[in-house]
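[1] Could you look at this predicted model? Sequence included:
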Amino acid sequence: MSACNDEICQIMIIKSKFVSLAIILAIAVFLEFIIHYSLKISIVYTHLFYLIIILAAIWFQRYAVWIALFFGVLHITVSYLVGGYIPVDSVFRAFMLCLVAFIVGSLVRCMTLYRDEEVRQNHELEKTQEAFQTANKKLNILSSITRHDILNQLTALLGYQEIAREMCSNPDLLEILKKEENAAQAIRKQIEFTKNYQDIGVRAPIWHNLKEKFETLKNSYDNDSVTLHSRLSNHDIFADPLFPLICQNLLDNSIRHGEHVKNITFSSEERNNELIFVYEDDGIGISDDMKTMIFKKGYGKNTGMGLFLSQEILAITGLVMKETGESGKGVRFVIHIPEGSYRLSRENQENKSGI
């Protein structure tokens, strides 16, 4: 039914264009004979022909050349009837009418083809994206089921190893059992890593207001020994929906590894066509030789999401994180947000425009 309605609408639009063009042509012919033939004026009124030809080119593309040719012949004919000869300027004017019709018609045709191709590609892109999302959803379900089954078997394996250790008194066998347990724990860690990694990029990036995210984090944080501070500008950043978990991960790492952390500060400022987001604490900091190691896959233990995953999440929208703190004076994680991935919040935009 919808396709049928679209066809009817298209037919009505085409008919209305032809009717409008016929009326305009009739007026133009009338003016040609009244102004040119009767009043002997042949300069200004021909500009109307250009307007009609441009309109015809927009509607009918290169077919407007035929309309231009009609006007050209009409103008030359009337000029001949008025003066008894064919003036050169009338021929030149007729040629220019045809040239304008051809150029404008060609440009409109190119623009129409480009627009149609863009619409087609966008439609294909949407279909491909939907297919990828469906496939990704199915793979995630399969991965979740498989991971659950493997973890169940690992739990059983670790239980049997515990029983075996209690029943065994041979030091050599106990050492082997210990290595087996370490291997099983390593497998568990890798399985848990895949659980975190599969959520990255599943949902489309969104705009996060930095101040709002800080308030949410602060309200959900329950530790009286550490104070959270904010010097955040009122900006939104474009990042994966998991961005708040990055801030939570940094906070957890400070509490777990900072030893004597009392203050944690979030700040941001616009500088050199980028937004700089900074996370700082007053703990023990990170030594220079570990500043790059902490971002490597599998580094550390019990670090939640991990800095490797944090970097992967940020990289989706072109954000880059580095550690620039001084050892002994606390960590300083800097996230560089390029132009196009941040904006002033709506409140700031309204204030600047006087709303």
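    Sure thing, it's come through.

[2] residues near Ser327, how many?
    Ser327 has 14 neighbours, counted by other CB atoms under 10 Å. Glycine gets a C-beta too; all of them are placed from N, C-alpha and C.

[3] For it, what are phi and psi?
    Main-chain dihedrals, Ser327, degrees, to the nearest 10: phi -60, psi 130.

[4] can you give me the helices in the stretch 1-150 of the chain?
    Secondary structure of the stretch 1-150 of the chain by DSSP state H, counting those that start in this stretch: the helices cover 2-31, 47-60, 64-83, 88-167.

[5] from the middle of its chain, how far away would the shortest one be?
    On the basis of CA atoms, centre = their mean, to the nearest Å, helix 47-60 is displaced by 39 Å from the centre of the chain it belongs to.

[6] quick one: low-confidence ranges for the stretch 251-355 of the chain?
    The model of the stretch 251-355 of the chain has pLDDT under 70 over residues 298-305, 347-355.

[7] so where do the strands sit in it?
    Applying DSSP state E, counting those that start in this stretch to the stretch 251-355 of the chain gives strands spanning 263-271, 274-281, 320-323, 332-338, 342-344.

[8] Pick the most deeply packed of those.
    strand 274-281 (a mean of 21; mean count of other CB atoms under 10 Å).

[9] which residues does the residue most central in space within the chain contact?
    The centroid of the chain falls nearest to Pro205 when counting by CA atoms, centre = their mean (7.3 Å). Contact analysis of Pro205 by CB atoms under 8 Å, 6 or more residues apart in numbering lists 238-241, 316-317.

[10] Present the helices of the stretch 1-150 of the chain as TSV; the columns should include mean pLDDT and mean neighbour count.
    What follows is the helices of the stretch 1-150 of the chain, written out as TSV (pLDDT from 0 to 100; neighbours: other CB atoms under 10 Å):
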stretch	mean pLDDT	mean neighbour count
helix 2-31	67	11
helix 47-60	77	18
helix 64-83	77	18
helix 88-167	85	13
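
[11] Distance to Asn209 added to those, as CSV?
    Listed next are the helices of the stretch 1-150 of the chain as CSV, based on distance: least, CB to CB, whole Å:
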stretch, distance to Asn209
helix 2-31, 39
helix 47-60, 44
helix 64-83, 51
helix 88-167, 26
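
[12] Go through these and name the closest to Lys189.
    With CB to CB as the criterion, Lys189 lies closest to helix 88-167 of the helices of the stretch 1-150 of the chain, at 10.5 Å.

[13] No further questions, thank you.
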